[in-house]
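Visitor: Turn this into a model:
(one chain, ligands or ions: 1)
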Amino acid sequence: MSQPSEHSESAELREFRAEMRAFMREEAPKSLLGTSPCGPFDGYWGGKLHPEVPADVLRWRDVTLARGLTAPTWPKAYGGAGLTFAHAKVLYDEMRELGLPRPVVGFGFAMIGPTLLQFGNEEQKLQHLPAICAGEIRWCQGYSEPNAGSDLANVQLACEPDGPDHYMLNGQKVWTSHADRSDWIFCLARTDRAAKKQKGITFILVDMRTEGVTPRKIELISGASPFCETFFENVRVPRSNVVGEVNAGWTVAKALLGHERSMIGQSIGRDPGSTQRELVKLARKHLDAPEGPLPDALQRDRVAAVSMEEAAFQLTLDRLAQARAAGGPGTESSIMKIVATELKQRRFEAGMALAGAQGLGWEGDAFDDEDLSYTREWLRSRANTIEGGSSEVQLNIIAKAVLGLPEVK
Ligand SMILES: Cc1cc2nc3c(=O)[nH]c(=O)nc-3n(C[C@H](O)[C@H](O)[C@H](O)COP(=O)(O)OP(=O)(O)OC[C@H]3O[C@@H](n4cnc5c(N)ncnc54)[C@H](O)[C@@H]3O)c2cc1C
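Guide: Model prediction:
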């Protein structure tokens, strides 16, 4: 099936599309075809602590890396391909069409990489960006603390001078997803306690192998958890790891959050029609309706409504991608995050309504793997409106920055 935008794109983009299609058909490992819906968090997360990586995943990484296609829009000097966002979209369309995973994903590619491109110095870019492109280094995010989640400017991780060339970090981060599998962490730390909250924060990069850094897993009731607490005890970090200016980390932090929110939003966007196909398949299975119209009018209506909302969201994502070509994500990333995460919850709620009691399983022979993974995905969708800044906080940002409403005292 051809992509909807294919007909309206320029001759140059059409040529690029044909080139990418041929390249993937020729070079992508056949075993990976059809294995992925291809979102920005769906693929190889890389890193030195990654458990054994299948050979076909590494081969896919290698053939794309050789052409700079693991980070298509990044400059060639840092391991990318120097392509436009329009080209990158074509590339991802084609991956999605073949069901190929992205060759390298994760917080490096989605968050710290774009932030370093904007705020990092040349040395930092050369040290980190090619390693991210190659999936050699996995990053985690050290923002949240026990008393600094929504009120992020309240971070307290102490960062004090230790000789002329180093800082010493002491304190704790929390909800650090996958810290136990990561090689580096990007942190917000307090460098000036006397200044107004936002003015005394510094953005600093820390190698997780530095003495005194201890990630500890947080177990969840489900038994599975990405979460860690990360403790810093007299951790010596070179001053050269500060990104941007000392005490001006809030600006860097906000830019990174823009990337995080827009990536969460994008990861929820889907192929036109795929939600409808998925929900209809579920309905046929659970409502015992192998063919013809679905028997329940209310459920039919629900499937149609969610499918239309998803199609409209996909078009909005395309428009945002065009706007993004002119600069990094702005406040629209907050809008995208709310709309996408709530939409995802509606998608899974519709599926759960169709599954009925089969959607309530946690384990046991009465449920097949498909039912169980759907239930888990539905539960996971609850966290999407919290991570990266909760919906309430996004609404505050929109009220202030987009609508210009006064702050509630
Ligand atoms: C799946 C997942 C992964 C995460 N991964 C990471 C990670 O890798 N690294 C990291 O640093 N953090 C991570 N987080 C933490 C996440 O960023 C925080 O949970 C989030 O910012 C909310 O902060 P909090 O948990 O402290 O909640 P709180 O700030 O305590 O908020 C509690 C409730 O009060 C509401 N609230 C708070 N302030 C306001 C306000 N001013 N106006 C209106 N309502 C308000 C919130 O919306 C929420 O409903 C992750 C969270 C989740 C769920």
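
Visitor: How far does stretch 288-305 stretch from one end to the other?
Guide: 22 Å (C-alpha to C-alpha, to the nearest Å).

Visitor: just the strands in the stretch 1-150 of the chain please.
Guide: 139-142 (DSSP state E, counting those that start in this stretch).

Visitor: do you know how far the one residue in it that gets nearest to the ligand is from residue 287?
Guide: Going by C-beta to the nearest ligand atom, the ligand is nearest to residue 149 of the stretch 1-150 of the chain, at 1.7 Å. Glycine gets a C-beta too; all of them are placed from N, C-alpha and C. Here the criterion is C-beta to C-beta, to the nearest Å. By it, residue 149 lies 41 Å from residue 287.

Visitor: And the residue nearest to residue 153 when sequence neighbours are not counted, what's its pLDDT?
Guide: Spatial nearest neighbour of residue 153, chain neighbours left out: residue 197 (4.2 Å); criterion: C-beta to C-beta, 6 or more residues apart in numbering. Predicted confidence (pLDDT) for residue 197: 94.

Visitor: Wait, residue 197 touches residue 156, no?
Guide: No. If you go by C-beta atoms under 8 Å, residue 197 and residue 156 don't touch, sitting 10.3 Å apart.

Visitor: Next one: stretch 371-378, is it in contact with the ligand?
Guide: No. Stretch 371-378 does not reach the ligand (C-beta under 6 Å from any ligand atom); its nearest approach is 13.0 Å.

Visitor: Identify each buried residue in that stretch, please.
Guide: 371-372, 374-375, 378 (16 or more other C-beta atoms under 10 Å).

Visitor: Identify the residues contacting it?
Guide: Stretch 371-378 is touched from outside by 222, 282, 348-349, 351-352, 355, 358-363, 367, with contacts defined as C-beta atoms under 8 Å, 6 or more residues apart in numbering.

Visitor: Please repeat the previous calculation with a cut-off of 10 Å.
Guide: 222, 224, 278, 282, 285-286, 344-345, 347-349, 351-352, 354-355, 357-364, 367-368 (C-beta atoms under 10 Å, 6 or more residues apart in numbering).

Visitor: Could you write me a ChimeraX select line covering just the buried ones among those?
Guide: This is how ChimeraX selects the buried members of the contacts of stretch 371-378, with burial counted by 16+ other C-beta under 10 Å:
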select :278,282,285,286,344,345,347,348,351,352,354,355,358,359,361,367
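
Visitor: Dump stretch 208-217 to PDB, keeping only the CA atoms.
Guide: C-alpha atoms of stretch 208-217 as PDB (Å, rounded to 0.1, in the frame of the first residue of the first chain):
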ATOM      1  CA  MET A 208      27.300   5.500  35.300                       C
ATOM      2  CA  ARG A 209      30.600   3.700  36.000                       C
ATOM      3  CA  THR A 210      31.900   6.600  38.100                       C
ATOM      4  CA  GLU A 211      32.600   5.600  41.700                       C
ATOM      5  CA  GLY A 212      29.600   6.500  44.000                       C
ATOM      6  CA  VAL A 213      26.800   6.100  41.400                       C
ATOM      7  CA  THR A 214      24.400   3.300  42.500                       C
ATOM      8  CA  PRO A 215      21.200   2.500  40.600                       C
ATOM      9  CA  ARG A 216      18.800   0.400  42.600                       C
ATOM     10  CA  LYS A 217      15.700  -1.300  41.100                       C
END
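
Visitor: Let me know whether it sits next to the ligand.
Guide: No. For stretch 208-217, no contact with the ligand is found by C-beta under 6 Å from any ligand atom; the gap never falls below 11.1 Å.

Visitor: where does the stretch 201-350 of the chain have low pLDDT?
Guide: 322-328 (pLDDT under 70).

Visitor: residue ranges of the helices in it, please?
Guide: In the stretch 201-350 of the chain, the segments counted as helices under DSSP state H, counting those that start in this stretch are 249-268, 274-286, 297-324, 332-355.

Visitor: Now render those as CSV, adding distance to the ligand.
Guide: Shown next, in CSV, are those (distance: least, C-beta to the nearest ligand atom, whole Å):
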stretch, distance to the ligand
helix 249-268, 9
helix 274-286, 22
helix 297-324, 21
helix 332-355, 11
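
Visitor: Out of those helices, the one nearest residue 84 is which?
Guide: Nearest of the helices of the stretch 201-350 of the chain to residue 84, taken as C-beta to C-beta: helix 297-324 at 10.1 Å.
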